[in-house]
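Novice: need coordinates for the following:
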Amino acid sequence: MTYYGVKHLADAFRTVRKNTIAIAQDIPEDKYVFRGAPNTRTVSQLLIHLAVSPAWQQELHSQRVASLEGYDFPGRFAKDKADEQVPRTKAEIIDMLQQSAEAFASFLEDLSEGALGESVLMPGGQSTKSRLEMLLSVKEHEMHHRGQLMVIERQLGIARGRHDSV
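Specialist: Numbers count the residues shown, from 1 in each chain. Predicted structure coming up:
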């Protein structure tokens, strides 16, 4: 049987993050304060969000949490939001992206294949999700925000088209 395992998951995440870092490198540092629309994250905040957001999933799955009932989502997301507000240079942000990518991908590679099939109970009476589904969502989340970054590139006149793949 062929299936998607921890190595595939880690490799796919590394590819997605590599492409995000390429966009971060393409955007000039003086444009890191740019917002694609009012009341949205700046480029800097969006990139920092991507750097810090895998940590909560890594925390949950390294502890093999079986239920998210009672998990402090507001507290966790407030911490991440506070991290986004800390002023950082372009080089610091790119370093954050690189370090968090390798930390998360290495964590994925260290998971057992069996862990991916384990179920996690969602809060509020929602159904369960497999760890695989939850961990895939980290990549999907980043791809969603990378789409936003690509629109911002176009708004800034950066239209190279090389980031259009995974």
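
Novice: so which elements touch the lengthiest helix in the chain?
Specialist: Using DSSP state H to define each element, the chain has its longest helix at helix 131-155. Using 3 or more CB pairs under 8 Å, 6 or more residues apart in numbering; DSSP states H and E, the elements in contact with helix 131-155 are helix 6-26, helix 43-52, helix 54-62, helix 113-116, strand 119-121. In short, each C-beta sits where N, CA and C put it, glycine included.

Novice: okay, the ones you listed, which one's buried deepest?
Specialist: Highest mean neighbour count among the helices and strands packed on helix 131-155 (mean count of other CB atoms under 10 Å): helix 43-52, with a mean of 23.

Novice: that older thread, any chance of the helices and strands packed on helix 131-155 in a markdown table, plus distance to Arg88 and mean pLDDT?
Specialist: Formatted as a markdown table, the helices and strands packed on helix 131-155 follow (distance: least, CB to CB, whole Å; pLDDT from 0 to 100):
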| stretch | distance to Arg88 | mean pLDDT |
| --- | --- | --- |
| helix 6-26 | 12 | 97 |
| helix 43-52 | 7 | 98 |
| helix 54-62 | 16 | 95 |
| helix 113-116 | 33 | 92 |
| strand 119-121 | 32 | 96 |
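
Novice: could the ones you listed go into a markdown table alongside distance to Phe34?
Specialist: Putting the helices and strands packed on helix 131-155 into a markdown table (distance: least, CB to CB, whole Å) gives the following:
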| stretch | distance to Phe34 |
| --- | --- |
| helix 6-26 | 13 |
| helix 43-52 | 5 |
| helix 54-62 | 24 |
| helix 113-116 | 38 |
| strand 119-121 | 37 |
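
Novice: so where is the chain shaky, pLDDT-wise?
Specialist: 1-2, 160-166 (pLDDT under 70).

Novice: buried residues in the longest helix of the chain?
Specialist: Neighbour counts over helix 131-155 (16 or more other CB atoms under 10 Å) mark 131-132, 134-136, 138-139, 141-142, 145-146, 149-150, 152-153 as buried.

Novice: ok, now stretch 23-38?
Specialist: Buried positions in stretch 23-38, judged by neighbour count with 16+ other CB under 10 Å: 23-24, 27, 31-32, 36.

Novice: farthest pair within these?
Specialist: With CB to CB as the measure, no two of the buried residues of stretch 23-38 lie farther apart than Ala24 and Gly36, at 14.9 Å.

Novice: ok so, going back, mind checking which of the helices and strands packed on helix 131-155 is nearest Asp83?
Specialist: Closest among the helices and strands packed on helix 131-155, using CB to CB: helix 43-52, at 4.9 Å.

Novice: tell me what the closest one is packed against?
Specialist: Contacts defined by 3+ CB pairs under 8 Å, 6+ apart place helix 43-52 against helix 6-26, helix 73-85, helix 90-110, helix 131-155.
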